[in-house]
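Trainee: Predicted model and sequence below, questions to follow.
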Amino acid sequence: MAAVLPEEMHQEARPPVATHVAPPSGRVGRPSMFIRPLIAPVRLAKAAPFGAPGDRRQFDVRHIYVRRYWTALLGPAAIADLLRLAQAAKDGKRLRLPHTMPTLLTEDLVVRLAETRYGVPVSVKELDRRQLGRLSPALRRQAARYGS
């Protein structure tokens with residue numbers, strides 16, 4: 001059963017919009033409205049996070065450990081962007097700055113080398129205690145079994 005509106009109500013269904021008001025100066029709008037700058041990812045031989053070597057085990061960025069546990073920690077978009085960056089660095093190609101770059105930089109999965117150059121590691125270290133604490137208990141147990 002469908003409800004039918006009287007003709008006069010249908011015309012007033014949307015609130016009035018002020019068309020004479022100019023938008024404020026500066027950058028206005030969603031980040032996805034603007035073209036992101038091109039960046040040049042570079043392969044790094046060091047693992048990320050960039051700490052002392054031998055602290056923790058290292059996994060290739062495409063390894064199932066990274067896809068399962070780092071994805072649970074940071075979300076699928078961040079890990080997909082990490083994989084894209086790693087592939088672009090391997091191929092020597094440029095790509096658009098990912099939306100998740102702040103997350104990757106915060107977690108030390110990528111390092112900024114210059115304004116448009118970012119270092120991408122060939123391997124990623126296993127999660128530390130702080131990071132493991134942010135996972136669900138079931139994933140924490142799986143990660144502990146994975147490390148042994």
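Mentor: Structure's in. What do you need? Residues are numbered from 1 along each chain as shown.

Trainee: Work out for me the element residue 81 sits within.
Mentor: Using DSSP states H and E, residue 81 sits within helix 76-91.

Trainee: Who are the packing partners of the helix or strand following that helix?
Mentor: Using DSSP H and E, the helix or strand that follows helix 76-91 in sequence is strand 95-96. Judged by 3 or more Cβ pairs under 8 Å, 6 or more residues apart in numbering; DSSP states H and E, strand 95-96 is in contact with strand 38-44, helix 76-91. From N, CA and C alone the C-beta is placed, and that goes for glycine too.

Trainee: try 7 Å
Mentor: Contacts defined by 3 or more Cβ pairs under 7 Å, 6 or more residues apart in numbering; DSSP states H and E place strand 95-96 against strand 38-44.

Trainee: Contacts for the helix or strand following the strand it packs on next, please.
Mentor: Next helix or strand after strand 38-44 toward the C-terminus (DSSP H and E): strand 58-60. Identification of contacts with strand 58-60 by Cβ atoms under 7 Å, 6 or more residues apart in numbering yields 47, 65-66, 122-126.

Trainee: Could you check the helix holding residue 81 and say which residues are buried?
Mentor: Buried positions in helix 76-91, judged by neighbour count with 16 or more other Cβ atoms under 10 Å: 78-79, 81-82, 84-86, 88-89.

Trainee: can you check stretch 128-147 too?
Mentor: For stretch 128-147, by 16+ other Cβ under 10 Å, it's 131-132, 135, 139-140, 143, 146.

Trainee: So which of the buried residues of helix 76-91 is the closest to residue 101?
Mentor: residue 81 (7.3 Å; Cβ to Cβ).

Trainee: tell me the secondary structure for the residue nearest to the closest one when sequence neighbours are not counted?
Mentor: Leaving aside its chain neighbours, residue 81 sits nearest to residue 98 (3.8 Å; criterion: Cβ to Cβ, 6 or more residues apart in numbering). Here residue 98 takes the coil state, with states given by DSSP: H, G, I helix; E, B strand; the rest coil.
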